[in-house]
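Colleague: Would you be able to build a 3D model of this:
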Amino acid sequence: IPVVIHVIYNTTEQNISDAQILSQIMSLTKDYRRLNADTGNTPGVFKSLAADTIIQFCLAKIDPQGNYTKGIVRKYNKTQVFLSDDAMKFSSKGGDDSWDTTRYLNIWVCNLSGNTLGYGVLPGSPLDRDGVVIKYNAFGTIGRLAVPYTKGRTATHEIGHWLGLKHLCGDAACSDDGIADTPLQETSNTYCPKFPHLSSCFTNSYGDMFMNFMDFTDDGCMNLFTKGQKAAMRGLFASGGPRNSFLNSNVCDGSLAEGGPVAEDSQTNPIKIKTYANPFDNSVTITCDNQSKVIGHSLKIYNTAGKLIISQIILAQNTTLALGNLPSGIYILKVESKNGEFVHKLIKQGK
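Modeller: Model (predicted):
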């Protein structure tokens, strides 16, 4: 999911650093991929329900005009404190207008009033308001953070709403959040309860799943989404779903931005490269319509963080790569040719 961060600040402290922003993006991916270091704190009775949602995040590399970007917009504002009224989402109200919300997850970081740490909208909300808002000192894992909100879980929670999840206690006491594998709760939990925490509507001897990201406990107490929550969130990306448009977004990959090396693939003699199977489980085959265009050139695969995973010289018209050892997720394939550079998205399926 490509992210753009709108930093709306009045003081130097509110103008958080790039490093603090990057720490939040990393924390989001760890939480949603269940790579967070505190997975071991999940009680044994809930571990079988905990899920890798196979959802990742990156700062956008291409802006809506097709130019290179860091995915960060900074804007000074005379307003010292914002209410939860969406003013920060509009330039006309002292905030910053959203980028295309069908292609970018917009996150506004500002100084929210009182004890409000953040808020998010559900799918289907007005497009110009779509996204989440986070208080500047509850965003990321480094920088000037307010204890105990030091692990970036406010954004994890609010993006859960953006992906359609409700609070565990639903909309009323002991109501249902619509997810079968999250226990009923009498109300939201705060701080960090001792396990097991029982309430008047618990349906098992284990009580509340207060360590779920969709409760209200401290950052250090949260550590999981369930398999049911995973299914609900990923279902939004299905054909016709409210987040389906993100599957075709290429703005995480800056190679397609204006101002960089322009491949000649779109000219009169384009290179034609195909990949199959994609999505893949264990291997992917790359084939070119004309081997003379690619033989002796390089093939490279990067992860979404830009780390080079594989690099090799192409020796044949068809090249099959064994990729079964890679974690599930999105990868970027780049193939050099006499006609420029071919860039393609590969998807490793989860098991």
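
Colleague: who touches the residue nearest to residue 151 when sequence neighbours are not counted in this structure?
Modeller: Spatial nearest neighbour of residue 151, excluding adjacent residues (C-beta to C-beta, 6 or more residues apart in numbering): residue 219 at 3.8 Å. C-betas here are computed from N, CA, C, even on glycine. Going by C-beta atoms under 8 Å, 6 or more residues apart in numbering, residue 219 touches 148, 149, 150, 151, 152, 153, 154.

Colleague: what's the answer for residue 107, then?
Modeller: Residues counted as contacts of residue 107 (C-beta under 8 Å, 6+ apart) are 3, 4, 5, 6, 131, 132, 133, 134, 155.

Colleague: that older thread, farthest-apart pair in the contacts of residue 219, please.
Modeller: The largest separation in these, counting by C-beta to C-beta, is between 148 and 152 at 12.1 Å.

Colleague: which one of the two has more residues nearby?
Modeller: residue 152 (26 against 15; other C-beta atoms under 10 Å).

Colleague: coming back round to it: need phi/psi at the residue nearest to residue 151.
Modeller: Per-residue torsions, residue 219: phi -50, psi -40 (degrees, to the nearest 10).

Colleague: Residue 107 versus that one, what's the distance?
Modeller: The gap separating residue 219 from residue 107 is 17 Å, by C-beta to C-beta, to the nearest Å.

Colleague: Show the buried residues in the contacts of residue 219.
Modeller: 149, 150, 151, 152, 153, 154 (16 or more other C-beta atoms under 10 Å).

Colleague: can you pull the contacts of the most centrally placed residue in the chain?
Modeller: Closest residue to the average C-alpha location of the chain: residue 57 at 3.0 Å, with C-alpha atoms, centre = their mean. With contacts defined as C-beta under 8 Å, 6+ apart, residue 57 is in contact with 1, 2, 3, 25, 28, 29, 32, 105.

Colleague: which of these lies closest to residue 289?
Modeller: Distances from residue 289 to the contacts of residue 57, taken by C-beta to C-beta, are shortest for residue 2, at 30.4 Å.

Colleague: What is the neighbour count of that closest one?
Modeller: 21.

Colleague: Make sure residue 169 is indeed in a strand.
Modeller: No: according to DSSP: H, G, I helix; E, B strand; the rest coil, residue 169 belongs to no strand; its state is coil.

Colleague: which phi and psi does the closest residue to it other than its chain neighbours have?
Modeller: Distance criterion C-beta to C-beta, 6+ apart; nearest residue to residue 169, sequence neighbours excluded, is residue 185 at 4.2 Å. Backbone torsions for residue 185, taken as degrees, to the nearest 10, come to phi -130, psi 150.

Colleague: With residue 60 instead?
Modeller: Main-chain dihedrals, residue 60, degrees, to the nearest 10: phi -60, psi 140.

Colleague: what does residue 87 give?
Modeller: Dihedral pair for residue 87: phi -60, psi -30, per degrees, to the nearest 10.

Colleague: where's it relative to residue 113, distance?
Modeller: On the measure of C-beta to C-beta, residue 87 and residue 113 end up 11 Å apart.

Colleague: Turn the buried ones among the contacts of residue 219 into TSV, columns for pLDDT and distance to residue 310.
Modeller: Shown next, in TSV, are the buried ones among the contacts of residue 219 (pLDDT from 0 to 100; distance: C-beta to C-beta, whole Å):
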residue	pLDDT	distance to residue 310
149	97	39
150	96	36
151	97	32
152	97	30
153	98	34
154	98	36
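
Colleague: For residue 45, give its distance to residue 210.
Modeller: Distance, residue 45 to residue 210, by C-beta to C-beta: 13 Å.

Colleague: Neighbour count: these two, which is higher?
Modeller: Shown here are residue 45 and residue 210; by other C-beta under 10 Å, residue 210 has more neighbours (25 against 14).

Colleague: got the contact list for the residue nearest to that one when sequence neighbours are not counted?
Modeller: Distances taken as C-beta to C-beta, 6+ apart place residue 189 nearest to residue 210, at 4.1 Å, with adjacent residues excluded. By C-beta under 8 Å, 6+ apart, the contact list for residue 189 reads 197, 208, 210, 215, 216, 217.

Colleague: Surely the fifth one touches residue 188?
Modeller: Yes: in this structure, residue 216 sits in contact with residue 188. The criterion is C-beta atoms under 8 Å, and the distance is 4.3 Å.

Colleague: Can you mark which positions in stretch 73-93 are buried?
Modeller: 73, 75, 77, 79, 82, 86, 87, 88, 89.

Colleague: State the helix or strand in which residue 287 lies.
Modeller: strand 283-288 (DSSP states H and E).

Colleague: Show me what that strand is in contact with.
Modeller: The contact list for strand 283-288, computed with C-beta under 8 Å, 6+ apart, reads 271-278, 294, 299, 317-324, 333, 335, 337, 346.
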